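Visitor: Provided below are the primary sequence and the corresponding predicted coordinates.
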Amino acid sequence: MAGTAGAVLAVTGTTAPAAAGSEAPVRGSAPRRDAFRGVWIATISNRDWPSRSGLSAAEQRAELLAHLDMAVERRLNVVVLQVRPSADALWPSPHEPWAECLTGTQGRDPGWDPLATAVEEAHARDLELHAWFNPYRVANHTDRSRLVAGHPARVHPEWVLPFGGKLYYNPGLPEVRRFVQDAMLDAVRRYDIDAVHWDDYFYPYPVAGQEFADDEAYERYGGDSPDKASWRRRNIDLLVSEMSVRIKEVKPDVAFGISPFAVWRNVTTDPAGSDTSGGIQTYDDLYADSRKWVREGWLDHVVPQLYWHIGQSATDYAKLLPWWDKVVRGTGVGLYIGEALYKAGDPAQSEAWQDRKELSRHLELAAGHPSVGGHCFFAAKEVAEDPIGAMATVVADHYPTRVRPPKERGQRASASG
């Protein structure tokens, strides 16, 4: 691992001060239990970075470094960078084209390697770099002809299904599962990333009046599955469990984490579920058995998206938090809570989100649950802009100094022998 220690960190020939009164973490020093303090940097549709497509390589790089510097200023220690937003790549992948978010044209070389730079510059600031991949999303439209010539979805149209105005790889095809794993593992092999990170998209979120047209794959591969829902869950279980093994085969010290939608099942659906009601249930609607992945030890950490305020009627943060604390207890899987910073100060959100102290109360509540090892904030734009000071309040109340992230690298590989 590359890295420097001290309160002044080298940045492209200049100096980048850490936050006032902070301590820079020292890589390789004596381990201690520290908190995961993460930020997501979303690249899909230029959500966080680059601010728009078509910037020069120098402009893109400068914006990226500014996000990393802001993470240091906010006393964070993990950056979760989206490097495969829609079956395209923020590195020169032999499997998939360059990402559209960089130049505005999918497949066009941006003139630099964003992932290589992100890893190097994050480590120079004593930040971990978690590479965020989306396994199955192909495009936010249904027109294959808009994909660059030679795109795998055009070469293999039988791999792709339209649904809800978007294109998806079909998770029911074994060749698709192998391909998306290979595409992601290329980055694991070639770059010194600290973790592989997936978000909450597996089978697509439901759309009223539409069905995901995978009957043919089910007839071909359903085998002895009792029903299509069970078969779909098995497909996602295989994706997760196989990737878990393959990451450790390639680089045993690279962690594997997933950030699921936080409601596995409601207690009204399943006695083992959370005290929540209505809405999406990952087990039933996304065919993502996130509880099983933790219990089986396929993950190094889980980052459930607890994107509701304390006291929310259907999905109360204060009820989901202890449920997840209980799920991970005794498993050895790290638990870091995904926080909806993007809601803070948004006038479209409830009154609770107009209070700059709401997120700080989340961290205070989480401190009383022993399995919670930290938090991750969505997303980088709000970490920087912080319209009502919610992030600044979290830092002032809970992050007096910089600390190292929890030591995970190699943990699961060592535990399994």
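Guide: That came through fine.

Visitor: any idea how far the closest residue to residue 50 other than its chain neighbours is from residue 165?
Guide: The shortest distance from residue 50 to any non-neighbouring residue, by C-beta to C-beta, 6 or more residues apart in numbering, is to residue 60 (4.8 Å). To be clear about C-beta, it is placed using only N, CA and C from the backbone, and glycine gets the same treatment. Using C-beta to C-beta, to the nearest Å, residue 60 is found at 28 Å from residue 165.

Visitor: likewise residue 348?
Guide: Taken as C-beta to C-beta, the span from residue 348 to residue 165 is 22 Å.

Visitor: When these two are compared, which one has more neighbours?
Guide: Neighbours around residue 348 and residue 165, counted as other C-beta atoms under 10 Å, are more numerous at residue 165. The numbers are 11 against 6.

Visitor: can I assume that one is in contact with residue 139?
Guide: No - counting by C-beta atoms under 8 Å, residue 165 stays clear of residue 139, with 9.8 Å between them.

Visitor: Do a quick rundown of the strands in the stretch 201-350 of the chain.
Guide: In the stretch 201-350 of the chain, the strands defined using DSSP state E, counting those that start in this stretch lie at 255-258, 301-302, 334-339.

Visitor: same question for the second one, mean pLDDT?
Guide: Right, the one you point to is strand 301-302. Throughout strand 301-302, pLDDT has a mean value of 98.

Visitor: Would you state the helices of the stretch 251-400 of the chain in chain order?
Guide: Per DSSP state H, counting those that start in this stretch, the stretch 251-400 of the chain carries helices over the ranges 290-295, 317-328, 358-366, 380-385, 390-398.

Visitor: The second one packs against which elements?
Guide: Same thing as helix 317-328. Identification of packing neighbours for helix 317-328 by 3 or more C-beta pairs under 8 Å, 6 or more residues apart in numbering; DSSP states H and E yields helix 290-295, strand 334-339, helix 358-366, strand 372-377.

Visitor: what's the burial count for residue 37?
Guide: When neighbours are counted by other C-beta under 10 Å, residue 37 comes out with 26.

Visitor: Show the backbone phi and psi for it.
Guide: Residue 37 adopts backbone torsions of phi -130, psi 90, taken as degrees, to the nearest 10.

Visitor: Hmm, residue 72 and it touching each other?
Guide: No - look at residue 37 against residue 72 with C-beta under 8 Å: they stay out of range, at 10.9 Å.

Visitor: of all the helices and strands packed on helix 317-328, which lies closest to residue 49?
Guide: Closest approach to residue 49 among the helices and strands packed on helix 317-328 is made by strand 372-377 (14.8 Å; C-beta to C-beta).

Visitor: what distance separates the closest one from the middle of the whole chain?
Guide: Put simply, strand 372-377 sits 12 Å off its chain's centre (C-alpha atoms, centre = their mean, to the nearest Å).

Visitor: List of residues touching that strand?
Guide: 33, 35-40, 76, 78, 80, 259, 301, 303, 321, 324-325, 334-339, 341, 362-363, 366, 383, 391, 394, 405-406 (C-beta atoms under 8 Å, 6 or more residues apart in numbering).

Visitor: Correct me if wrong: residue 184 contacts residue 239.
Guide: No - Residue 184 is beyond contact range of residue 239, at 10.4 Å (criterion: C-beta under 8 Å).

Visitor: mind listing the strands in the stretch 1-150 of the chain by residue range?
Guide: Assigned by DSSP E, counting those that start in this stretch, the strands in the stretch 1-150 of the chain fall at 8-11, 14-17, 36-41, 78-84, 128-133, 137-139.

Visitor: tell me what the third one is packed against?
Guide: Just to be clear, that refers to strand 36-41. helix 57-73, strand 78-84, strand 334-339, strand 372-377, helix 380-385.

Visitor: out of the helices and strands packed on helix 317-328, nearest to residue 218?
Guide: Smallest distance to residue 218 across those (C-beta to C-beta): 20.6 Å, for helix 290-295.

Visitor: Spit out the contact partners of the closest residue to residue 113 other than its chain neighbours.
Guide: Using C-beta to C-beta, 6+ apart and skipping the chain neighbours, the partner closest in space to residue 113 is residue 91 (5.8 Å). Taking C-beta under 8 Å, 6+ apart as the contact definition, residue 91 lies against 83, 113-116, 186-187, 190-191.

Visitor: Could you export those to JSON lines, including columns for neighbour count, pLDDT and distance to residue 160?
Guide: Shown next, in JSON lines, are those (neighbours: other C-beta atoms under 10 Å; pLDDT from 0 to 100; distance: C-beta to C-beta, whole Å):
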{"residue": "83", "neighbour count": "27", "pLDDT": "98", "distance to residue 160": "21"}
{"residue": "113", "neighbour count": "17", "pLDDT": "98", "distance to residue 160": "28"}
{"residue": "114", "neighbour count": "24", "pLDDT": "98", "distance to residue 160": "26"}
{"residue": "115", "neighbour count": "21", "pLDDT": "98", "distance to residue 160": "25"}
{"residue": "116", "neighbour count": "15", "pLDDT": "98", "distance to residue 160": "30"}
{"residue": "186", "neighbour count": "19", "pLDDT": "98", "distance to residue 160": "20"}
{"residue": "187", "neighbour count": "21", "pLDDT": "98", "distance to residue 160": "22"}
{"residue": "190", "neighbour count": "16", "pLDDT": "98", "distance to residue 160": "26"}
{"residue": "191", "neighbour count": "19", "pLDDT": "98", "distance to residue 160": "27"}
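
Visitor: re earlier: most tightly surrounded among the helices and strands packed on helix 317-328?
Guide: strand 334-339 (a mean of 25; mean count of other C-beta atoms under 10 Å).
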